[in-house]
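Undergrad: Sequence and predicted structure are below.
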Amino acid sequence: MHHFNYRQQVLYAEDVDLREIAAKVGTPCFVYSQGTLQRHMKAFEEAFKGLDPLICLAVKANTNRAVIATFAAMGGGVDIVSGGEMYRSLASGVPAGRVVYSGVGKTIREMEMGLEKGILMFNIESIQEMHMLNQVAGRLGKKAPVSFRVNPDVDAKTHPKITTGLAVNKFGLTMEDAFEQYQVAKALPNLELKGVSCHIGSQLTQTSPFADALSRLVDLITKLREKGIQLELLDLGGGLGITYDQETPPKPAEYAATLRNTLEELGMRPVLEPGRALVGNAGILLAEVVVTKKTPVKNFVVVDAAMNDLMRPSFYGSFHGVQPVQIRKDQETITADVVGPICETGDFLAKDREVPRFEPGDLVAFMSAGAYGYTMSSNYNSRPRAAEVLVSGEKWAVVKQRETYEDLCRGESLPDWME
Ligand SMILES: Cc1ncc(COP(=O)(O)O)c(C=O)c1O
Ligand SMILES: N[C@@H](CCCC[NH3+])C(=O)O
């Protein structure tokens, strides 16, 4: 569910006419609906009610501080994968005690930062990382709260580029290694065993892989309990899918229902790391048609957004709905590729799609662009990154300025021998 709807043939974000935002902010720009963000957070809270869940936005999906702050104000935490994401999250008002830190390559500096700030938990992804963190914590006179991220070798049944819980993936430790290493970690002086975590992939459209992963975790937890190791937090990662096209992913309630009995029996506090399910359908990318062209074999609609703004179609072949901001009467439909101006054949936002016969100047909304949209954007072809706008009811504000040409060159200089 989201709050982008037509009113008298015009697409609105909540109570705001998208034409107004385009006129004042320009295009391309990302528009997020705060009401949708809040609604999604509430759906997770409701679904896991009674289990004292900590719902941590996977910040990699959307790093905008206004978005992070929206969830923080509702008691949410964050799942981070870098010092930069930690910095942003803390600067957005997330208490350090609600930060979980995943990632296969945390640097010493990043470990120090997490320890100094007092984050909730480091999800350790390798044996070397465990020893490094123990040393760093010792040097700082701290105890690092940790979980092991286990790789349960479960098929998430999603796009191969976004599965993370298979034995061939780089993430986590095997079950066997994790069992052994918990016992090693218990004896290390500067680690505090807090939990266990796993994340098997993204855009999952079925509940069974989550249930399979949880049952593997239960085996591990049971064996650890037999060894006297009691853990408090059970971090199930993110991964719940959303509807981009025809998918019918489980809703948070259904997802939680599959896990609830087991969680209750274990008596552990669930930590969740949803990214896409919280923010994906809460955002769109607003663009303007620059030109249209017809070749002997195809129609093209060239817009002012490109793969540098929304790289998911180019990278994964992902589907994003293409909707006119204004529906014209008796508008004809054509089949076209909707493309950007970047010098790459792979620069497309939609392929062979039925779209209205757009004209230059028409506004277009690329739907479900709230997750992994702006965060995966780049400056390729020296294109300034788009603006970001947050809408709440009738109110709206720019929450990230569009980059300027000066921004593009910031930090660059000529070496002294060229001056
Ligand atoms: C460790 C971890 N947690 C959470 C997420 C968020 O995933 P999603 O956006 O699919 O919910 C990811 C990304 O897949 C991740 O790698
Ligand atoms: N960036 C991906 C998801 C990867 C999730 C990160 N572990 C996407 O747009 O679908």
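TA: All right, it came through fine. Ligands and ions are numbered 1, 2, ... in the order given.

Undergrad: Parallel or antiparallel, which strands does the single longest strand found in the chain pair with?
TA: Counting residues, the longest strand found in the chain (DSSP state E) is strand 283-294. If you go by DSSP bridges, strand 283-294 pairs up with strand 29-33 (antiparallel), strand 299-303 (antiparallel), strand 363-366 (antiparallel).

Undergrad: out of these, deepest packed?
TA: strand 29-33 (a mean of 26; mean count of other Cβ atoms under 10 Å). (Glycine included, C-beta is placed from N, CA and C.)

Undergrad: picking up where we left off before, pull out the buried residues from the longest strand of the chain.
TA: Gly283, Ile284, Leu285, Leu286, Ala287, Glu288, Val289, Val290, Thr292 (16 or more other Cβ atoms under 10 Å).

Undergrad: ok, which of those also contact ligand 1?
TA: Applying Cβ under 6 Å from any ligand atom to the buried residues of strand 283-294, one finds that nothing falls near ligand 1.

Undergrad: of all the residues in the stretch 251-400 of the chain, which ones are close to ligand 1?
TA: So the stretch 251-400 of the chain meets ligand 1 at Glu273, Pro274, Gly275, Arg276, Ala277, Ala371 (Cβ under 6 Å from any ligand atom).

Undergrad: can you pull out the strands in the stretch 301-419 of the chain?
TA: 322-324, 333-339, 348-356, 363-366, 387-392, 395-400 (DSSP state E, counting those that start in this stretch).

Undergrad: Between those strands, which one is closest to Gln203.
TA: Within these, the stretch nearest Gln203 is strand 363-366; the backing value is 16.8 Å (Cβ to Cβ).

Undergrad: Looking at the closest one now, give me its mean pLDDT.
TA: Averaged over strand 363-366, pLDDT sits at 98.

Undergrad: what sits up against it?
TA: 4, 11, 18-19, 22, 27, 284-289, 301, 303, 305, 310, 320-326, 338, 349-350, 358 (Cβ atoms under 8 Å, 6 or more residues apart in numbering).

Undergrad: cool, and stretch 155-162?
TA: 163-166, 200-206, 209, 239, 241, 315-316.

Undergrad: what sits against the residue of the stretch 101-250 of the chain found nearest ligand 1?
TA: Closest to ligand 1 within the stretch 101-250 of the chain is Gly238: 2.6 Å, counting by Cβ to the nearest ligand atom. Contact partners of Gly238, counting by Cβ under 8 Å, 6+ apart, are Ala58, Asp79, His199, Ser202, Leu272, Glu273, Pro274, Gly275, Arg276, Ala277.

Undergrad: same thing with Glu273?
TA: Cys56, Leu57, Ala58, Asp79, Val100, Ser102, His199, Asp235, Leu236, Gly237, Gly238.

Undergrad: Among those residues, list the two that are farthest apart in space.
TA: Longest span within these, Cβ to Cβ: Leu57 and Leu236, 14.5 Å.

Undergrad: So for these two, which residue has more residues nearby?
TA: Leu57 (30 against 23; other Cβ atoms under 10 Å).

Undergrad: which SS class is the more buried one?
TA: Recorded secondary structure, Leu57: strand (DSSP: H, G, I helix; E, B strand; the rest coil).

Undergrad: Closest residue of the chain to ligand 2?
TA: Tyr372 (3.1 Å).

Undergrad: That residue: neighbour count?
TA: 25.

Undergrad: Please apply the same query to Leu51.
TA: 16.

Undergrad: surely it meets Glu264?
TA: Yes: if you go by Cβ atoms under 8 Å, Leu51 and Glu264 touch, sitting 7.2 Å apart.

Undergrad: buried residues in stretch 239-246?
TA: Buried residues in stretch 239-246, counted by 16+ other Cβ under 10 Å: Gly239, Leu240, Gly241, Ile242, Thr243, Tyr244.

Undergrad: same deal with stretch 383-397?
TA: By 16+ other Cβ under 10 Å, the buried positions in stretch 383-397 come out as Arg383, Pro384, Arg385, Ala386, Ala387, Glu388, Val389, Leu390, Val391, Ser392, Trp396.

Undergrad: and the first one, what does it touch?
TA: Applying Cβ under 8 Å, 6+ apart, one finds that Arg383 lies in contact with Ala306, Asn308, Asp309, Ile342.

Undergrad: again, only using 7 Å
TA: By Cβ atoms under 7 Å, 6 or more residues apart in numbering, Arg383 lies in contact with Ala306, Asn308.

Undergrad: so what does the top helix by length along the chain touch, helix or strand wise?
TA: Criterion DSSP state H: the longest helix present in the chain is helix 208-226. Helix 208-226 is packed against helix 175-187, strand 191-197, helix 252-266, with contacts defined by 3 or more Cβ pairs under 7 Å, 6 or more residues apart in numbering; DSSP states H and E.

Undergrad: Between helix 252-266 and it, find me the angle.
TA: 20 degrees (axes from the mean of the first three to the mean of the last three Cα atoms, to 10 degrees).

Undergrad: from the middle of its chain, how far away would helix 208-226 be?
TA: In terms of Cα atoms, centre = their mean, to the nearest Å, the centre of helix 208-226 is set 25 Å apart from its chain centre.

Undergrad: Then stretch 10-26?
TA: Per Cα atoms, centre = their mean, the centroid offset for stretch 10-26 relative to its chain is 24 Å.
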